[in-house]
Each structure stands twice: as structure tokens, then as C-alpha cells.
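Visitor: From the sequence below, what's the structure:
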Amino acid sequence: MRCEEIMKKPVECCGPDDTVQAAARKMRDAEIGFVPICDSSNKVLGTLTDRDIVLRVCADNKPVASTKIKDVMTREAITCKTSDDLSRAEQLMGQHHKSRLMVTDNSGKLVGVISFSDIADHEGADRVAETARQITSREIHTH
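Guide: I've put the predicted structure just below:
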């Protein structure tokens with residue numbers, strides 16, 4: 001099965017010059033834990049997670065209403081292609097300790113998101129057990 005067959009779309013995203021508050025409201029309203037950060041042509045620049053907001057904004061007492069996403073976002077963008085097999089997405093998740101991947105087209109534009117739970121739903125729990133162990137063994141990283 002290919003990534004494009006199970007990816008979620010459309011994707012909520014923000015720009016690097018948006019405020020953290022705008023991103024947090026988007027996360028709340030969409031009931032999501034991260035937002036891809038894209039440029040004006042929809043190319044992925046990074047992500048902002050609820051965890052990023054806690055560790056890099058709240059814990060440092062930065063003003064949420066004026067702090068720009070570009071100042072606190074995770075710049076590492078782990079992506080897979082629409083045509084990739086699910087096993088590639090699973091491999092990337094385990095390797096990078098990520099439970100979500102952004103899916104891009106061949107030009108690098110964001111077209112969807114795949115979560116580990118999406119893969120588990122399609123592949124079965126036994127098949128993805130090792131990836132789950134790899135994802136949950138992640139270390140604490142700051143930008």
C-alpha cells in the first residue's frame with residue numbers, strides 16, 4: 001500500500017511568520033497536536049508541536065501572542081512521498097522517533113499527513129510493534 005492511500009488531507013498548516021498563538025488555536029480547533037510549517041508555495045519548512053509550545057514558549061515565559069513560529073519551530077522536517085510504500089513511512093518513523101510524517105509530492109509540496117496510528121490500522125499491531133518501540137524510545141530534543 002502506498003502512503004497516498006492512507007494519508008489524511010487536507011492538512012492544516014501555518015507559515016513561519018505566524019504567531020505561536022495562531023498555531024495553538026489552529027491545533028485546538030482542529031484537535032491536532034502538531035502543525036506543519038510551510039512557505040508560501042506549500043513547501044515544508046518544519047513543524048510546530050504542542051510539545052514545542054510547552055518547552056520553547058511557555059517554559060521560557062515567551063509571549064505566545066507575539067512569538068513567531070520561526071523562532072520556536074522544529075526545523076527538522078521528516079517527510080515521505082505520496083508514492084512511497086507504507087514500509088518506508090514506518091522505517092522513517094522508527095529511525096527518527098516520530099509518530100507523524102508529512103507527505104509531499106515530487107516537488108516537495110505538502111499534500112498530507114500520516115500518523116503511526118494510521119499505519120497500525122492498516123498493517124496490524126503485530127507488524128508495527130518494533131516501530132512503536134523505536135518511536136517511543138525517543139530522546140528529548142530541543143531546536
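Visitor: drop to CA atoms for contacts and neighbour counts, all remaining ones
Guide: Will do.
Visitor: Pretty sure residue 112 sits in a helix.
Guide: No - with DSSP: H, G, I helix; E, B strand; the rest coil as the criterion, residue 112 is strand rather than part of a helix.
Visitor: Contacts only, for it.
Guide: Residue 112 makes contacts with 4, 7, 8, 9, 10, 11, 102, 103, 104, as judged by C-alpha atoms under 8 Å, 6 or more residues apart in numbering.
Visitor: would you turn the residues you listed into a markdown table with pLDDT?
Guide: Shown next, in a markdown table, are the contacts of residue 112 (pLDDT from 0 to 100):
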| residue | pLDDT |
| --- | --- |
| 4 | 93 |
| 7 | 94 |
| 8 | 93 |
| 9 | 92 |
| 10 | 88 |
| 11 | 90 |
| 102 | 96 |
| 103 | 97 |
| 104 | 96 |
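Visitor: Can you tell me which of these has the most neighbours?
Guide: Among the contacts of residue 112, residue 103 has the most neighbours (other C-alpha atoms under 10 Å), with 28 neighbours.
Visitor: so that one bridges to which residues?
Guide: residue 80, residue 112 (DSSP bridges).
Visitor: Could you measure from it over to residue 84?
Guide: 9 Å (C-alpha to C-alpha, to the nearest Å).
Visitor: Mutual contacts of those two, please.
Guide: Shared between the contact lists of residue 103 and residue 84 (criterion: C-alpha under 8 Å, 6+ apart) are residues 3, 4.
Visitor: which stretches of this protein have low pLDDT?
Guide: When residues are selected by pLDDT under 70, those of the chain lie in 123-143.
Visitor: Quick one: the strands in it, in order.
Guide: 34-38, 44-49, 79-81, 100-104, 110-115 (DSSP state E).
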